[in-house]
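Engineer: here are the coordinates; sequence isn't available:
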Ligand SMILES: C[S@@+](CC[C@H](N)C(=O)[O-])C[C@H]1O[C@@H](n2cnc3c(N)ncnc32)[C@H](O)[C@@H]1O
């Protein structure tokens, strides 16, 4: 029997992937015209990826995966949503970029892919869909070659606690959600999508988990990886509240007259 969380989350993502392909937020026309969707400093952080084998876990419909390919990497994207992977394959063919896309639950990735990579990349709204972070960390470790690197960009877990998260018009923030999600996860009912609020959707129930920084770091260490960098960033790619200001890097940050907050974090780890 399939786990309930897996069934619910997959149905939700299968419905939303085509909506996202059409959305102005993902702006596929700009991507087609050559814009990289890697806006969180990934390319500067990792450096030259020419010829490197890179796997992108939870790749959605592949824009970030294909951006790595345009930067020179030999890429594989993996996601459990077959509608997302079908769209990724179409986009790759359309723009003439070589990429492999695989449909699989991330927990089965090592078996589905059957090989290891120089770089394992993931994040940006990825681990909140996963109940077991220790098993996830083991997948990351299994997929990276000895001497290879893991690069992870994720929304900071503190973002999840606000009642007003993704409610742009608010003035004040109040904590409304636990930082530490119970083991069974948080059952959410959310019609529409972050990329298109007005989208009419049917599969609106999901189960999600907020994984704290300590939990993630400890899981990666237990999986035998050596963490080389953990950075918390005061900027975010999503303008979650109207009062955020544009930062120098083109992302958004708290205005100077409000206490600052971490919005995202990046983590690097190596095997061996
Ligand atoms: C917010 S998206 C990832 C962000 C991506 N960088 C983007 O383009 O916005 C989350 C992705 O995780 C995938 N996903 C969720 N749970 C998964 C699982 N258990 N195994 C594989 N993919 C999963 C969803 O299908 C979705 O494409």
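Structural biologist: Cool, got the structure. From a predicted model like this one, the values you see are computed outputs, not experimental measurements.
Engineer: And the helices in the stretch 51-200 of the chain?
Structural biologist: 63-70, 82-95, 109-113, 133-143 (DSSP state H, counting those that start in this stretch).
Engineer: Out of those, flag the one nearest residue 101.
Structural biologist: When the helices of the stretch 51-200 of the chain are compared by Cβ to Cβ, helix 82-95 sits nearest residue 101, at 4.6 Å. The C-beta positions use only the backbone N, C-alpha and C, and glycine is treated the same way.
Engineer: which residues touch that closest one?
Structural biologist: 13-15, 17-18, 21, 28, 31-32, 59-63, 65-66, 69, 77, 79, 98-99, 101-103 (Cβ atoms under 8 Å, 6 or more residues apart in numbering).
Engineer: Enumerate the positions of that helix that are buried.
Structural biologist: 83, 84, 85, 86, 87, 88, 89, 91, 92 (16 or more other Cβ atoms under 10 Å).
Engineer: for stretch 167-187, same thing?
Structural biologist: Buried, per 16+ other Cβ under 10 Å, within stretch 167-187: 173, 181, 185.
Engineer: Stretch 217-237 too?
Structural biologist: 217, 219, 220, 223, 225, 233, 235, 236, 237.
Engineer: now, which of those residues sits nearest the ligand?
Structural biologist: For the buried residues of stretch 217-237, the closest approach to the ligand (Cβ to the nearest ligand atom) belongs to residue 237, at 9.3 Å.
Engineer: For the closest one, list the residues it contacts.
Structural biologist: 39, 40, 124, 251, 252, 264.
Engineer: and what of residue 166?
Structural biologist: Counted by Cβ under 8 Å, 6+ apart, residue 166 has contacts 194, 238, 240.
Engineer: any chance of those in JSON lines, plus neighbour count?
Structural biologist: Compiled in JSON lines, these are given as follows (neighbours: other Cβ atoms under 10 Å):
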{"residue": "194", "neighbour count": "14"}
{"residue": "238", "neighbour count": "20"}
{"residue": "240", "neighbour count": "21"}
